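Student: quick one, structure for this:
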Amino acid sequence: MMISINPDNPQQRLIEQVAEILRSGGVIAYPTDTTYGIGCSIFNKKGIERIYQIKQREKKKPFSFICSSQAEVAKYAKVSNYSFKLMKRYLPGAYTFVMDATNIVPDLLQTKQKTVGIRMPDNLICSAIVSALGAPLVTTSANISGEEPVGDPRDIFNMLRKQLDLVVDGGILPPDVSSVISLLGDTPVVLRKGIGDVGWCAEG
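Tutor: The predicted structure follows:
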């Protein structure tokens with residue numbers, strides 16, 4: 001199934017429909033501020049397993065997840081004073097911040113070092129879905145691991161419709177990626193350069 005949602009003014013009834021699919025254990029494709037992602041609730045273990053299969057991705061590479069607010073980030077990551085200030089300045093935006101996980105984060109989404117990658121994309125559809133769901137949303141680009149991200153929802157639908165419960169059409173997006181920034185030390189360190197500006201970070 002595919003539904004179209006207005007990217008500038010998301011229809012609340014459609015957002016609630018998407019959230020209900022997620023609450024029922026669904027796996028969806030949805031727009032972010034970079035490209036399309038595949039996701040489910042972070043508490044949907046079977047859904048996370050499905051995403052690993054869809055992506056053909058190794059289990060040792062955990063997925064990041066999307067939070068709806070900085071207050072929610074603080075539930076799932078240990079946020080230092082400087083991390084809080086950086087997130088307040090740069091989020092929402094095209095960044096994935098790596099931080100130490102709290103005990104509430106499912107093991108499947110933590111690295112061996114007990115860290116997590118957290119996003120707050122600058123995309124109205126995406127943020128509305130996460131808010132309506134009431135829990136963070138797993139995020140990984142809508143493609144097979146090692147291949148280019150896909151920015152056209154129709155292509156995603158044609159490629160993955162048998163493996164997804166829903167594709168949310170929020171328009172065609174470029175195949176961009178977020179900048180990944182480690183906030184584990186005393187200074188932010190760039191782990192991957194994406195479309196988010198990294199001039200304020202140290203090189204990793």
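
Student: mind checking the backbone torsions on the residue nearest to Asp197 when sequence neighbours are not counted?
Tutor: Excluding its sequence neighbours, the residue lying closest to Asp197 (Cβ to Cβ, 6 or more residues apart in numbering) is Ser179, at 7.5 Å. Bear in mind the C-beta positions are built from the backbone N, C-alpha and C, glycine included. With angles defined as degrees, to the nearest 10, Ser179 sits at phi -80, psi 130.

Student: what is the neighbour count of Ser179?
Tutor: Around Ser179 there are 21 other residues, counting by other Cβ atoms under 10 Å.

Student: sheet partners, orientation included, of the longest strand belonging to the chain?
Tutor: Criterion DSSP state E: the longest strand present in the chain is strand 93-100. Strand 93-100 pairs in its sheet with strand 115-120 (antiparallel), strand 179-182 (parallel), by DSSP bridges.

Student: for the residue sitting nearest the centre point of the chain, which non-adjacent residue is closest in space?
Tutor: For the chain, the residue nearest the mean C-alpha position is Thr139 (2.9 Å; Cα atoms, centre = their mean). Nearest non-adjacent residue to Thr139, counting by Cβ to Cβ, 6+ apart: Gly37, 4.5 Å away.

Student: same question for Arg57.
Tutor: Ser145 (4.4 Å).

Student: thought the one you found was touching Lys59?
Tutor: No. Using Cβ atoms under 8 Å, Ser145 makes no contact with Lys59, being 11.7 Å away.

Student: who has more neighbours out of the two?
Tutor: Ser145 (13 against 9).

Student: distance of that one from Gln110?
Tutor: Per Cβ to Cβ, to the nearest Å, Ser145 is found 19 Å from Gln110.

Student: now do Asn103
Tutor: 10 Å.

Student: have a look at these two and say which one is more surrounded.
Tutor: Neighbour comparison, Asn103 and Gln110: the larger count goes to Gln110, with 16 against 6 (by other Cβ under 10 Å).

Student: bridging residues for the residue nearest to the more buried one when sequence neighbours are not counted?
Tutor: The shortest distance from Gln110 to any non-neighbouring residue, by Cβ to Cβ, 6+ apart, is to Ala101 (4.9 Å). Ala101 has these beta-bridge partners by DSSP bridges: Ala77.
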